[in-house]
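Asks: Here's my sequence, what's the structure:
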Amino acid sequence: MGIKVKEDDRTKKNLIYFPLGTVGRDAVYCLINSYLLTFVLFTHSLNGAQLAAITGIMIAARVFDALNDPVMGNIIERTRSKFGKFKPWLAIGGLTTSVVIYLLFNVQLQGWGFVCFFAVMYFAFSVTYTMSDISYWGMIPALGSDADARNRFTSRATLFAGIGGTLASILIPMFSAGSGAIGGSTAVAYGRIALVIAILAPLFILFTLFGVQEQREADRAGKAAEKFSFVQIVKTIGRNDQLVWIAVIFLIQQVGNGLVVGGIGSTYIYFTFGYNGGLFSLFNTVGMAATAFLMIFYPAISRRVRRKKLMGMMMAASVIGYVVMLGSALVKEANMGRFWILVMGYMISNFGQYCFYLVMMISIMNTVEYNEYKFGTRDEGIITSLRPFITKMSSALIVAATSAAYMIFGVTGYTNQISDLEQQCARGLISEEQKLTEISAVIFGTTSGQHSGVTSGQGQGLLAAMTVVPCVLMAISYFLYKKKYRLDEEEYERICAELQK
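Replies: Reported below is the predicted structural model:
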């Protein structure tokens, strides 16, 4: 009885300190994943070749990052120390990531010098953040001995990760663009924001390092880790047809879902409604509000509505949302009325997209039993590792699509002028008020003809990229899921019943 009480006390303590450790880490991820390309465009003057190089670096690093996950997982699994196998890498990864993001957002280089520095720092981030990420999430099985406890740790950590990422997505644009920019310049603002996040992230990790107590019986017993094999991973995934299809479907859906927050959304809002980071923060806040409802009520909804029927309903909701967003362009004057039409459309479309995401997560997990039914092994580790792999691959494709849109619609012609003004303001050559006036002239044009301004065709092109493209990709993912994914509720229950026999 005494041992049980002690274990319950440890679980309660871990449920407090473990989730707190990821708040700062996910603020870091949001800064890099959602705002790095925006930072580069609005603080550095880039020609076509340099933007293409930056894009290539980000894509290559994210593909490398995805492939590096199982390698890092194997290194962690083989680590033996008095602090356990997870905490040393969590500490090392957290501290080195902070150094990397501070340097990345505070460098004064321009041109090809910046491109070379960016390549080194971005690949360094891929290595250091992976140390932290794999060790943090890999710790969950060592925190609880039963499935219920692990579910609680996973759900609570996901909630706190969402808090860190959401706060960052709201506050970063608010304090980095327009009149609210810290230090009066976007270049200065991002440098200081990176410094704050670089300090906060390790501080939050301290909760996990010093407050969490793991179960280390397997480590003390000297249990060896399984040998790592890329061949085994490829073989396991390739033979499971349902896993292959859900991976393809998930990848298509995630690319479409990430286009708005990947940079196109903020650029469109700046070019249409003015250079005001607070507007994009408001756009994000209202748009993400719908996902809070699903976080709370999705389990109850899923018990009453079959997944394929639910996806059909969410598909319809998202199409309506994207049509509303696209229809906002029919309002001739770019006023707050038009802005709120755009925001409401995004909230509706994001509701559907997030529900799709939740269904995809469950559908991936259900292929574990299918794998056991077909081949006699569950291979949970390999199957569950596919989700972060797809997420990182989709982020690489989002960067490629975003950069392509910028090149097609001539975005850099305007962002280069804005970045020059930001740099002049950062060096004290012009005042903040003069900078904002000049940026407004760049975006909206001047009566004297010195600046022509962003054309309606360019603005509508960006709007189409963040509405039509995601809508088409979502439709493709829905029809593939309906046609190719066979593990609906009835089939899954049948397979589980067969396995029990």
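
Asks: Can you tell me what sits against stretch 250-257?
Replies: Defining contact as Cβ atoms under 8 Å, 6 or more residues apart in numbering, one finds that stretch 250-257 is touched by 353, 356-357, 360, 363-364, 387, 390-391, 393-394, 397-398, 401, 469-474, 476-477, 480. The C-beta positions use only the backbone N, C-alpha and C, and glycine is treated the same way.

Asks: For ChimeraX, write the selection for the buried entries among those residues.
Replies: Filtering the contacts of stretch 250-257 down to the buried ones (16 or more other Cβ atoms under 10 Å) takes a single ChimeraX command:
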select :353,356,357,360,363,364,387,390,391,393,394,397,398,401,469,470,471,473,474,477,480
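
Asks: Just give the number of residues close to M365.
Replies: 14 (other Cβ atoms under 10 Å).

Asks: Repeat that for G48.
Replies: G48, neighbours per other Cβ under 10 Å, totals 9.

Asks: hang on, isn't it packed against M407?
Replies: Yes. Because the distance of 6.8 Å satisfies Cβ atoms under 8 Å, G48 is recorded as touching M407.

Asks: where does the stretch 1-150 of the chain dip in pLDDT?
Replies: 1-7, 141, 144-150 (pLDDT under 70).

Asks: same thing but 80
Replies: 1-11, 69-82, 138, 140-150 (pLDDT under 80).

Asks: for the protein, what's the longest helix?
Replies: helix 336-375 (DSSP state H).

Asks: what's in contact with stretch 84-101?
Replies: Contacts for stretch 84-101 (Cβ under 8 Å, 6+ apart): 21, 25, 28, 31-32, 72, 75-79, 81, 121, 124-125, 128-136, 138-139, 142, 194, 197-199, 201-202, 205, 208-209, 214, 216, 219.

Asks: if you set the cut-off to 7 Å instead, what comes out?
Replies: The contact list for stretch 84-101, computed with Cβ atoms under 7 Å, 6 or more residues apart in numbering, reads 28, 31-32, 76-77, 79, 81, 121, 124-125, 128-129, 131-132, 135-136, 138-139, 142, 194, 197-198, 201-202, 205, 208-209, 214, 216, 219.

Asks: try stretch 128-147
Replies: Against stretch 128-147 from outside (Cβ under 7 Å, 6+ apart): 11, 14, 18, 21-22, 25, 65, 68-69, 72-73, 76, 86, 89-90, 92-94, 96-97, 100, 150, 153-154, 212, 214-215.

Asks: Next: stretch 473-483.
Replies: 245, 248-249, 252-253, 255-256, 308, 311, 315, 318, 353, 356.

Asks: Give me the buried subset of the residues you listed.
Replies: By 16+ other Cβ under 10 Å, these give W245, V248, I249, I252, Q253, V255, G256, M311, M315, S318, Q353, F356 as buried.

Asks: Quick check: pLDDT value at the last one.
Replies: With respect to pLDDT, F356 has a value of 90.

Asks: which residues touch it?
Replies: Counting by Cβ under 7 Å, 6+ apart, F356 has contacts Q253, M311, M314, M474.

Asks: L209: what's it in contact with?
Replies: K87, L90, A91.

Asks: Tell me how many other residues crowd the nearest residue to the second one once chain neighbours are set aside.
Replies: Nearest residue to L90 in three dimensions, chain neighbours excluded: S135, at 4.4 Å (Cβ to Cβ, 6 or more residues apart in numbering). Counted with other Cβ under 10 Å, residues neighbouring S135 total 26.

Asks: Point me to the helix or strand that includes S135.
Replies: helix 111-138 (DSSP states H and E).

Asks: what do you get for A292?
Replies: Here A292 is assigned to helix 277-304, by DSSP H and E.

Asks: Pull up the gap between T11 and F210, please.
Replies: Distance, T11 to F210, by Cβ to Cβ, to the nearest Å: 17 Å.

Asks: Neighbour count for those two, which is higher?
Replies: Neighbour comparison, T11 and F210: the larger count goes to T11, with 17 against 10 (by other Cβ under 10 Å).

Asks: Which helix or which strand is home to that one?
Replies: Going by DSSP H and E, T11 is in helix 2-20.

Asks: can you check A334 too?
Replies: Short version, using DSSP H and E: A334 is in no helix or strand.

Asks: In this structure it contacts Y270, no?
Replies: No. If you go by Cβ atoms under 7 Å, A334 and Y270 don't touch, sitting 11.4 Å apart.

Asks: between these two, which one's more packed in?
Replies: Y270 (25 against 17).

Asks: so what does the stretch of helix or strand the more buried one belongs to touch, helix or strand wise?
Replies: Following DSSP H and E, one finds Y270 within helix 265-273. Identification of packing neighbours for helix 265-273 by 3 or more Cβ pairs under 7 Å, 6 or more residues apart in numbering; DSSP states H and E yields helix 277-304, helix 456-465.

Asks: which ones are touching the closest residue to I170 other than its chain neighbours?
Replies: Nearest residue to I170, sequence neighbours excluded (Cβ to Cβ, 6+ apart): S281, at 4.8 Å. If a contact means Cβ under 7 Å, 6+ apart, then S281 has I170, P173, M174 as its contacts.

Asks: who wins for neighbours among those?
Replies: Most surrounded of the contacts of S281: other Cβ under 10 Å gives P173, at 29 neighbours.

Asks: ok, it touching Y275?
Replies: No. Assessed by Cβ under 7 Å, P173 is found out of contact with Y275, at 10.9 Å.

Asks: Let me know the secondary structure of R80.
Replies: coil (DSSP: H, G, I helix; E, B strand; the rest coil).

Asks: do you know how far it is from P88?
Replies: R80 is 10 Å from P88, by Cβ to Cβ.

Asks: More neighbours: which of these two?
Replies: P88 (17 against 11).

Asks: For the more buried one, pull up the helix or strand it's in.
Replies: With DSSP H and E as criterion, P88 is part of helix 87-106.

Asks: ok, and for that helix, which residues are buried?
Replies: 87-91, 93-98, 100-105.

Asks: May I have that helix exported as CSV, CA atoms only?
Replies: The C-alpha trace of helix 87-106 is given here as CSV (Å, rounded to 0.1, in the frame of the first residue of the first chain):
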residue,chain,number,x,y,z
LYS,A,87,17.6,14.6,-18.9
PRO,A,88,21.2,15.1,-20.1
TRP,A,89,20.1,15.5,-23.8
LEU,A,90,17.1,17.6,-22.7
ALA,A,91,19.5,20.0,-20.9
ILE,A,92,22.1,20.0,-23.6
GLY,A,93,19.6,20.5,-26.4
GLY,A,94,17.7,23.2,-24.6
LEU,A,95,20.8,25.3,-23.8
THR,A,96,22.4,25.0,-27.3
THR,A,97,19.1,25.7,-29.0
SER,A,98,18.9,29.0,-27.1
VAL,A,99,22.4,30.0,-28.2
VAL,A,100,21.5,29.2,-31.8
ILE,A,101,18.3,31.1,-32.0
TYR,A,102,19.9,34.2,-30.3
LEU,A,103,22.7,34.2,-32.9
LEU,A,104,20.3,33.6,-35.8
PHE,A,105,18.0,36.5,-35.0
ASN,A,106,20.7,39.0,-33.9
